[in-house]
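# No sequence on hand, only this structure:
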């Protein structure tokens, strides 16, 4: 057909995708989710950092994650906050001698005990606990119960930070007021009243030692009805507490 040219068909730019365009969108989406994950992780990490500062004043009475669990599951709990000045010194000494004898001298982590645990693990031996009072406090405040490497990995830097920000006396005050001393029983005042019918300030040496050795397993150990093993442990802690001396100076 002379004088006629074939019509030029313009490509439908809305339907024809450019090569590589889909790949770029997918890559951008993955990067976006990675950044969101990083931001979320930073935000989560900042929560305990900020709360630690908020917990510095003595009029603030923190609660533990276990208390939150009991509230969520509608079990409720018994906790009666008491200032550290209203807790029997022998209870504080007994808890330190039972849970963390180097509390006044370390900076959140007892490196000697931690190295011994690592050596035992490398040798294939059964490991013992190396948790300090700051480690147990941050676990109770910010983390979860149960053994796991992830929880321990989070616990270590939190304990160092907590010990760096918080005075030793305040750490002990928080710890004895959030520690679990039986099913749905938290804090030394509730424990003393429930188990011995007296205030935390009136505890005897023996009662303080029995409460201290209950802490590692409050679900199974009853300080008011101790087993023979508990009584033996309490006798050891009672002797150590009476000779603690400078070891407990940071809370006196």
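Nice, I can see it. Bear in mind the structure is a predicted one, so any value in this text is a computation, not a measurement.
# where in the stretch 101-250 of the chain is pLDDT low?
113-129 (pLDDT under 70).
# ok, 90 please
The model of the stretch 101-250 of the chain has pLDDT under 90 over residues 110-130, 144-153, 245-247.
# Now do the strands in it.
For the stretch 101-250 of the chain, the strands defined by DSSP state E, counting those that start in this stretch occupy 185-186.
# Okay, helices next: where are they in it?
111-122, 133-142, 149-165, 168-178, 188-196, 205-214, 228-242 (DSSP state H, counting those that start in this stretch).
# could you say what helices and strands the shortest one packs with?
Looking back up the chat, that one is helix 188-196. In terms of contacts (3 or more C-beta pairs under 8 Å, 6 or more residues apart in numbering; DSSP states H and E), helix 188-196 is packed against strand 78-79, helix 168-178, helix 205-214. Yep, even glycine has a C-beta here, placed from its N, CA and C like the rest.
# Redo these as TSV? Include mean neighbour count and distance to residue 142.
Shown next, in TSV, are these (neighbours: other C-beta atoms under 10 Å; distance: least, C-beta to C-beta, whole Å):
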stretch	mean neighbour count	distance to residue 142
strand 78-79	19	17
helix 168-178	22	11
helix 205-214	25	23
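# Put together JSON lines for these, with distance to residue 185 on each row.
As requested, those are arranged in JSON lines below (distance: least, C-beta to C-beta, whole Å):
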{"stretch": "strand 78-79", "distance to residue 185": "5"}
{"stretch": "helix 168-178", "distance to residue 185": "11"}
{"stretch": "helix 205-214", "distance to residue 185": "10"}
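# contacting residues for residue 30?
Applying C-beta atoms under 8 Å, 6 or more residues apart in numbering to residue 30 gives no contacts.
# Hmm, I typed the wrong one, I wanted residue 190.
78, 79, 80, 181.
# any idea what sits nearest it, other than its immediate chain neighbours?
Nearest non-adjacent residue to residue 190, counting by C-beta to C-beta, 6 or more residues apart in numbering: residue 78, 4.4 Å away.
# so the one you found bridges to which residues?
For residue 78, the beta-bridge partners are residue 185 (DSSP bridges).
# Please look at it and residue 194 and confirm they touch.
Yes. Applying C-beta atoms under 8 Å as the test, residue 78 and residue 194 come out as touching, 6.8 Å apart.
# which residues are common contacts for the two?
In contact with both residue 78 and residue 194: residue 185, using C-beta under 8 Å, 6+ apart.
# Let me know the pLDDT of residue 43.
Residue 43 is assigned 77 on the pLDDT scale.
# From here on, call the first residue 11.
In the new numbering, first residue 11, that becomes residue 53.
# Look up phi and psi at it.
phi -60, psi -40 (degrees, to the nearest 10).
# okay, now it: neighbour count?
Residues contacting residue 53 under the criterion other C-beta atoms under 10 Å number 9.
# Likewise for residue 248?
Going by other C-beta under 10 Å, the residues that sit close to residue 248 add up to 22.
# try residue 145
Neighbour number of residue 145 under other C-beta under 10 Å is 26.
# again, but for the one 4 residues further on
One way to gauge burial is a neighbour count; for residue 149, by other C-beta under 10 Å, it gives 21.
# cool, the one 3 residues further on as well?
Under the neighbour criterion other C-beta under 10 Å, residue 152 is assigned a count of 20.
# separation between it and residue 65?
11 Å (C-beta to C-beta, to the nearest Å).
# go on, residue 56?
15 Å.
# So for these two, which sits in the more crowded spot?
Taking other C-beta under 10 Å, residue 56 and residue 65 do not tie; residue 65 has more neighbours (20 against 10).
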